[in-house]
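Visitor: predicted model follows, preceded by the sequence.
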Amino acid sequence: MYTTYTPDALEAQKRVLDPKELEFTSGCEPPCRWLGIEARFSETNALEHFPAPINLILTIIKFAQHLGNRQINITNTGKLVVKDFIESLSGLYTCTLSYKTIKAETQEETTIKKRYDFMIFAYREPDYSYHMAVRFTTKSCVGRYNDLLFRVLKKILDNLISDLLCHVIEPSYKCHSVKIPEGDFVHELFIAFQVNPFAPGWKSVCNNSSDCEDATNRNILKARDRIEEFFRSQAYILHHHVNKSIPAMHFVDHSFQVVRIDNCRPGFGKNEGLHTNCASCCVVCSPGTFSPDADVTCQICVSVHTYGAKSCP
């Protein structure tokens with residue numbers, strides 16, 4: 001669970017919230033962790049910055065938003081407990097605190113009230129996928145063998161990662177003539193594809209949780225490593241069979257490239273300017289914005305008045 005404390009006051013210092021002051025639960029046991037919470041206070045911590053009275057009586061701790069919601073509870077000691085945090089619970093929270101100071105000489109009581117506003121945003125880790133590219137030599141850019149190699153390679157890679165419930169998507173290739181330094185032109189296939197962890201049946205890794213990016217991200221990392229090892233073995237075979245004839249169509253050593261792509265679930269997006277404490281996180285789209293797909297940006301929509309909008313009415 002990710003919880004940060006960021007006062008807006010210039011003199012305030014950033015720190016992590018003490019769980020004794022504020023508790024959040026996601027409603028699932030580790031390693032399940034689908035929603036985090038980013039809290040941003042507008043003043044320094046209430047319990048640490050009171051004037052030092054002779055006798056302090058804490059009489060009221062009240063969080064104003066969503067008090068009628070069964071997901072939110074105020075304990076007798078003043079803790080705010082949020083269970084099964086969802087996107088719609090994001091927003092402005094207000095803590096109103098009243099206490100009395102009592103003068104020892106006159107026993108005169110003075111009631112002091114403090115109000116602390118802070119923002120809470122639901123967030124989640126991005127879903128990982130990988131864009132990969134490799135090159136293979138070929139005799140010609142014309143002929144059916146190029147397409148055959150392309151289809152066989154996709155099938156091999158899919159079989160390699162199928163037990164992880166990952167698969168190859170958006171595969172494509174182009175054939176180009178490449179000039180070799182101090183040599184002739186050669187023909188090469190430039191093959192590109194993506195690998196993601198959402199093959200048919202992928203939800204079975206979630207253990208009945210609808211949000212399990214930890215599990216899917218763990219699987220896609222394993223899939224990346226397997227594919228990388230596969231192409232590394234192709235280069236090894238070529239280098240250690242120098243006495244044998246090299247096939248006309250073979251992997252080009254050092255041509256394997258991989259780039260991670262982050263995707264946010266609908267209703268979430270990245271905003272480094274607004275959420276500097278969690279720039280890489282997918283944070284719930286604020287009112288006035290929405291995200292209908294796996295993009296990482298919340299789009300503007302003035303008719304949206306809720307958090308986590310997936311469409312623009």
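Guide: Now that the structure is in, tell me what you want to look at. Numbers count the residues shown, from 1 in each chain.
Visitor: only C-alpha atoms from now on, for both contacts and neighbour counts.
Guide: Fine.
Visitor: quick check: L189 vs Q234, distance?
Guide: Separation of L189 from Q234 (C-alpha to C-alpha, to the nearest Å): 16 Å.
Visitor: okay, these two: which has more neighbours?
Guide: With neighbours defined as other C-alpha atoms under 10 Å, L189 and Q234 compare such that L189 has more, 26 against 14.
Visitor: skipping adjacent residues, who's closest to that one in space?
Guide: C175 (4.5 Å; C-alpha to C-alpha, 6 or more residues apart in numbering).
Visitor: how close does that neighbour get to F193?
Guide: 15 Å.
Visitor: kindly report the same for F118.
Guide: Here F118 is placed at a distance of 44 Å from F193 (C-alpha to C-alpha).
Visitor: other SSEs contacting the lengthiest helix in the chain?
Guide: Counting by DSSP state H, the longest helix found in the chain is helix 213-239. Judged by 3 or more C-alpha pairs under 8 Å, 6 or more residues apart in numbering; DSSP states H and E, helix 213-239 is in contact with strand 127-138, helix 144-161, strand 185-196.
Visitor: distance from the chain centre to stretch 109-120, please.
Guide: For stretch 109-120, the separation from the chain centroid amounts to 34 Å (computed by C-alpha atoms, centre = their mean, to the nearest Å).
Visitor: likewise stretch 265-279?
Guide: 9 Å.
Visitor: stretch 142-162 too?
Guide: Per C-alpha atoms, centre = their mean, the centroid offset for stretch 142-162 relative to its chain is 32 Å.
Visitor: buried stuff in it?
Guide: 146, 149-150, 154, 157-158, 160-162 (16 or more other C-alpha atoms under 10 Å).
Visitor: model confidence over that stretch, on average?
Guide: The pLDDT scores in stretch 142-162 average 93.
Visitor: identify the residues contacting it?
Guide: 138, 166-168, 171, 173, 189, 191, 199, 223, 226-227 (C-alpha atoms under 8 Å, 6 or more residues apart in numbering).
Visitor: can you name the next helix or strand after the longest helix of the chain?
Guide: strand 257-263 (DSSP states H and E).
Visitor: dump that following strand to PDB, keeping only the CA atoms.
Guide: The C-alpha coordinates for strand 257-263 follow below in PDB (Å, rounded to 0.1, in the frame of the first residue of the first chain):
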ATOM      1  CA  GLN A 257      15.700  -5.000 -28.900                       C
ATOM      2  CA  VAL A 258      13.200  -4.700 -26.100                       C
ATOM      3  CA  VAL A 259      11.300  -1.700 -24.700                       C
ATOM      4  CA  ARG A 260       8.900  -1.800 -21.800                       C
ATOM      5  CA  ILE A 261       5.500  -0.100 -22.400                       C
ATOM      6  CA  ASP A 262       3.300   1.000 -19.500                       C
ATOM      7  CA  ASN A 263      -0.400   0.900 -19.800                       C
END
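Visitor: now that strand: buried residues?
Guide: Quick answer for strand 257-263 (16+ other C-alpha under 10 Å): 262-263.
Visitor: just want the angle from it to strand 185-196.
Guide: Interaxial angle, strand 257-263 versus strand 185-196 (axes from the mean of the first three to the mean of the last three C-alpha atoms, to 10 degrees): 30 degrees.
Visitor: fine by me, thanks again.
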